[in-house]
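Participant: Fold the following.
(one chain, ligands or ions: 2)
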Amino acid sequence: MTEKTIEKGPKLADPIEASYEVSTQEMIVRSHKLGIETIFDRAVNMKPCNIGIQGICCKNCAMGPCRLPLPKGGIEGEDTRKGLCGATANTIAARNFARMVAVGAAAHSDHGRCVAEVFMAAAKKETNAYRIKDTQKLIAIAPHLNVATTVEVDGVKQQRDIDEIALEVAEAALNEWGKSSGELLYLKRAPQPLQDIWNKEGVNPRNIDREIVEIMHRTHMGVDQDYKNLIKQCTRASLADGWGGSMLATDLQDVLFGTPTPLQSEANLGIMKKDHVNIIVHGHEPVLSEVIVAVAQSQEMLDYAKTKGAKGIQLGGICCTANEMLQRHGIPTAGNFLQQEMAIITGACDAMVVDIQCVMQNLANVAKCFHTHLITTHPIARMEQDNVIHIEFNEHYALEDATRIVKMAIDNFQNRGADVMIPQHKATQIAGFGVESIEYHLGGTFRGTYYTLNDNIINGRIRGIAGVVGCNNARSRHNEMHIKVIKELIKNDVIVLTTGCDGITAAIHGLLTPEAGQVYCGPGLAEICETVGIPPVLHLGSCVDNSRILLAATEVVKAGGLGKTIADLPAAGSAPEWMSEKAISIGQYFVTSGVYTVFGGTFPTSGAPVFHNYLSKELEKIYGGMWDLKTDPIEHAWAMINHIDKKRKELGIDKARERVLMDMADRQALEG
Ligand code: SF4
Ligand code: MSK
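Facilitator: Ligands and ions are numbered 1, 2, ... in the order given. Next comes the predicted model:
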């Protein structure tokens, strides 16, 4: 313990200022009592670099870093700032932005590639841990990858053998990462007018890897020095993410592990149980955690846990591995990004199993203070600290790996200290939504279509659709922006689609239940929630599942009455507490798919006003979507609502909403 160091040394975070959420506040207080430093404490002691935050520091060669601070009072006249090589602020900010897109697209897409490789192993029947589970979804996605699903025998069409289809889908999918010619196949799933824009602009991704590599080349010293040209490459790479790597990850995971359907579960640290073995899985890829779920629920392991004095095994998730397990199995969510250290600080975490992305290295230091086994499982994501155990996942031995991990956690149950404190806070959540289930739930009793959703948007009960997604950021109060933005949206009849840590946040704060409709929503959305029995916030899954939002928007376009492309829809996107480079890639593919996208916190191009203006104004003229930054939650939500209202007006459906929201007295006055 480092109690002494903390008392004399750095400042401690104020729990109430650090988090909007009570169990996190309780754990911050406990961390201080135990002398354990967390991200919240570091955030009050280490200030971000004011130049870096604005995107105007270049370290792309050893003549730098070249820092180009904005002059006091802003820029009047020509912007003469230059790096040693002459790179302008626009070039530097655009290169930095492009590298963020490259990293984000790489992270999502490499996740997708790993799933595709496991899919291939399952299709070849090389592993007993995985099999093709959702054949209906396989048949649905195959044509998008140019894989035939039927064959003609004696003039009669018959369905092809499922194993054959699976193998060809695996080959076609893997090809998308590195094919030598052609363009990304899934682009054809977008509305035609959007495809026409991409064609005209020449931004169709050729293959996923190439677009990422090309960003790295273009941003090398002395290559691409035109911010408009750089942003075109950002568009290619981000589309390769949203309509490529992420969409393939989502689809292949659905086929392998099952397409989510709505289910009930719980969220927050209070899901951990004092008398159970607690295993927390954290990260993004569900390939190992899927098997851990199966193993942890097996009678053999439950019996084994009892021999060690535990009443059972409680699995819980953090970040997007949590979302994956929640969506398909109803495994409860222990917390979002900023709660990962907190799960260990309960003293009741017997094993934390991590894979890739958003895993803080400080977990190892926190785990050292307890009995917790911190287990890394991915070859590309290891930790230097010597208390970390590495059990490398291999799809061919997934059952053995998962069994070893679950057994280790069970054996560790007896090593728990007496000082356990699990916050007694958790909320019920209905999660597991997707393109298919929205169609089913909002499609009415007899027709599984998006018509009814569109009708309700047209008649104004639903004012519009918002995608609110993304991380927490320790530079802002944990969860506050997420919740205030969402509450303002649903209060004004905007239905919210959520993914990632925003989904977890909404669950923890009780917004993922149909009953939330009556408490927090405007009259139109409340009526829909009550009639259909859905929450006003629909949880669509993990970060890669933002692709579900793209496809849901496409289905809305197809159902008719709301314009011809995504940019015509009364819809907007938001990441109120973003921190990850993946969020920048997601934002860029949303913008270039036609979505007005608002970020909270800071924006990494603000130090280069011309380039910043290009992103926030000029892109709209090309793609119909653009970037924005709003740091106040109510302004943030209203920027989205105003955009939605603008689109309603353009569609000529603004009057319908005024009619539907009239109360009885207004109607009677009209009739009279
Ligand atoms: Fe400086 Fe140019 Fe080198 Fe960047 S590339 S560090 S701006 S000299
Ligand atoms: S986990 S990327 S903190 S949403 Fe997908 Fe959460 Fe952001 Fe990671």
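
Participant: what does the stretch 451-600 of the chain have sitting close to ligand 2?
Facilitator: Counting by C-beta under 6 Å from any ligand atom, the residues of the stretch 451-600 of the chain close to ligand 2 are 470, 471, 500, 501, 542, 543, 580, 582. From N, CA and C alone the C-beta is placed, and that goes for glycine too.

Participant: how about the strands of the stretch 451-600 of the chain, start to end?
Facilitator: Applying DSSP state E, counting those that start in this stretch to the stretch 451-600 of the chain gives strands spanning 464-468, 494-498, 537-539, 571-575, 596-599.

Participant: Spit out the contact partners of the residue in the stretch 1-150 of the chain that ligand 2 sits nearest to.
Facilitator: Across the stretch 1-150 of the chain, no residue is closer to ligand 2 than residue 107, which sits at 8.2 Å (C-beta to the nearest ligand atom). Contacts of residue 107 were listed using C-beta atoms under 8 Å, 6 or more residues apart in numbering, and they are 356, 357, 581, 582, 585.

Participant: hmm, 7 Å instead?
Facilitator: By C-beta atoms under 7 Å, 6 or more residues apart in numbering, the contact list for residue 107 reads 357, 582.

Participant: Then residue 229?
Facilitator: Shown in contact with residue 229 (C-beta under 7 Å, 6+ apart): no residues.

Participant: how close does it get to ligand 2?
Facilitator: From residue 229 across to ligand 2, the span is 28 Å (C-beta to the nearest ligand atom, to the nearest Å).

Participant: got the buried residues for the helix or strand containing that residue?
Facilitator: In this structure, residue 229 is located in helix 227-240 according to DSSP states H and E. When burial is assessed from 16 or more other C-beta atoms under 10 Å, helix 227-240 yields the following buried residues: 227, 230, 231, 232, 233, 234, 235, 236, 237, 238, 239, 240.

Participant: Setting the sequence-adjacent residues aside, check what's closest to the third one.
Facilitator: Nearest residue to residue 231 in three dimensions, chain neighbours excluded: residue 94, at 6.3 Å (C-beta to C-beta, 6 or more residues apart in numbering).

Participant: What's the local residue count around that neighbour?
Facilitator: The burial count assigned to residue 94 is 31, neighbours taken as other C-beta atoms under 10 Å.

Participant: pLDDT score assigned to it?
Facilitator: With respect to pLDDT, residue 94 has a value of 98.

Participant: Distance-wise, check the nearest residue to residue 219 once chain neighbours are set aside relative to residue 407.
Facilitator: Nearest non-adjacent residue to residue 219, counting by C-beta to C-beta, 6+ apart: residue 95, 4.2 Å away. For residue 95, the distance to residue 407 under the criterion C-beta to C-beta, to the nearest Å works out to 48 Å.

Participant: Comparing those two, which residue is more hemmed in?
Facilitator: Legend: neighbour count by other C-beta under 10 Å for residue 95 and residue 407, higher for residue 95 (24 against 17).

Participant: Help me confirm that the more buried one is found in a helix?
Facilitator: Yes - counting by DSSP: H, G, I helix; E, B strand; the rest coil, residue 95 is part of a helix.

Participant: so where is the chain shaky, pLDDT-wise?
Facilitator: 1-8, 443-448, 661-672 (pLDDT under 70).

Participant: List, one by one, the residues from it near ligand 1.
Facilitator: 58-61, 63-66, 83-85, 87, 92, 221.

Participant: In contact with residue 622, which residues are there?
Facilitator: Each residue near residue 622 by C-beta under 7 Å, 6+ apart is listed here: 197, 201.

Participant: Show the subsequent helix or strand relative to the host helix or strand of it.
Facilitator: Assigned by DSSP H and E, residue 622 belongs to helix 619-623. Towards the C-terminus, the helix or strand next in line after helix 619-623, according to DSSP H and E, is strand 627-629.

Participant: and that next one, how far from the chain's centre?
Facilitator: Mean-position distance between strand 627-629 and its chain equals 18 Å (C-alpha atoms, centre = their mean, to the nearest Å).

Participant: before we move on, back to that, in PyMOL, select just the buried ones from the residues of the stretch 451-600 of the chain next to ligand 2.
Facilitator: For the buried members of those, the matching PyMOL selection, counting by 16+ other C-beta under 10 Å, is:
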select buried, resi 470+471+500+501+542+543+580+582
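
Participant: Setting the sequence-adjacent residues aside, check what's closest to the most centrally placed residue in the chain.
Facilitator: Compute the mean C-alpha point of the chain, and by C-alpha atoms, centre = their mean the closest residue is residue 543, 2.3 Å away. Once flanking residues are discounted, residue 543 sits nearest to residue 500: 4.8 Å by C-beta to C-beta, 6+ apart.

Participant: measure the one you found to residue 261 for me?
Facilitator: Relative to residue 261, residue 500 is positioned 20 Å away (criterion: C-beta to C-beta).

Participant: Equivalent analysis for residue 567, please.
Facilitator: Here the criterion is C-beta to C-beta. By it, residue 567 lies 30 Å from residue 261.

Participant: Over to residue 64?
Facilitator: Between residue 64 and residue 261 the distance is 52 Å, computed by C-beta to C-beta.

Participant: now swap in residue 489 and tell me
Facilitator: Taking C-beta to C-beta as the measure, residue 489 and residue 261 are separated by 25 Å.

Participant: Write out the residues of this protein neighbouring ligand 2.
Facilitator: Residues of the chain lying close to ligand 2 by C-beta under 6 Å from any ligand atom are 284, 319-320, 337, 357-358, 470-471, 500-501, 542-543, 580, 582.

Participant: Kindly indicate which of these lies nearest residue 102.
Facilitator: Minimum distance to residue 102 across the residues of the chain next to ligand 2 is 11.0 Å, recorded for residue 582 (C-beta to C-beta).

Participant: Relative to ligand 1, how far out is that closest one?
Facilitator: Here the criterion is C-beta to the nearest ligand atom. By it, residue 582 lies 25 Å from ligand 1.

Participant: Which residue, other than its chain neighbours, is closest to that residue?
Facilitator: Nearest in space to residue 582, with sequence neighbours left out and distances taken as C-beta to C-beta, 6+ apart, is residue 104 at 3.9 Å.

Participant: do residue 75 as well
Facilitator: Using C-beta to C-beta, 6+ apart and skipping the chain neighbours, the partner closest in space to residue 75 is residue 609 (6.5 Å).

Participant: show me the contacts for residue 394.
Facilitator: With contacts taken as C-beta under 7 Å, 6+ apart, residue 394 has the following neighbours: residue 401.

Participant: before we move on, the earlier item: out of the residues of the chain next to ligand 1, which is most surrounded?
Facilitator: Neighbour counts for the residues of the chain next to ligand 1 peak at residue 92, which has 30 neighbours (criterion: other C-beta under 10 Å).

Participant: now the strands for the stretch 251-400 of the chain?
Facilitator: Counting by DSSP E, counting those that start in this stretch, the stretch 251-400 of the chain forms strands over residues 263-267, 277-283, 313-318, 333-335, 351-354, 373-376, 388-390, given from the N-terminal end onward.

Participant: neighbouring strands for the last one, and are they parallel or not?
Facilitator: So the one you mean is strand 388-390. Strand 388-390 has the following strand partners under DSSP bridges: strand 373-376 (parallel).

Participant: what's the closest of the buried residues of helix 227-240 to ligand 2?
Facilitator: The shortest separation between ligand 2 and any of the buried residues of helix 227-240 is 14.9 Å, and it belongs to residue 238 (by C-beta to the nearest ligand atom).

Participant: how near is the closest one to residue 442?
Facilitator: In this structure, residue 238 lies at 29 Å from residue 442, with C-beta to C-beta as the measure.
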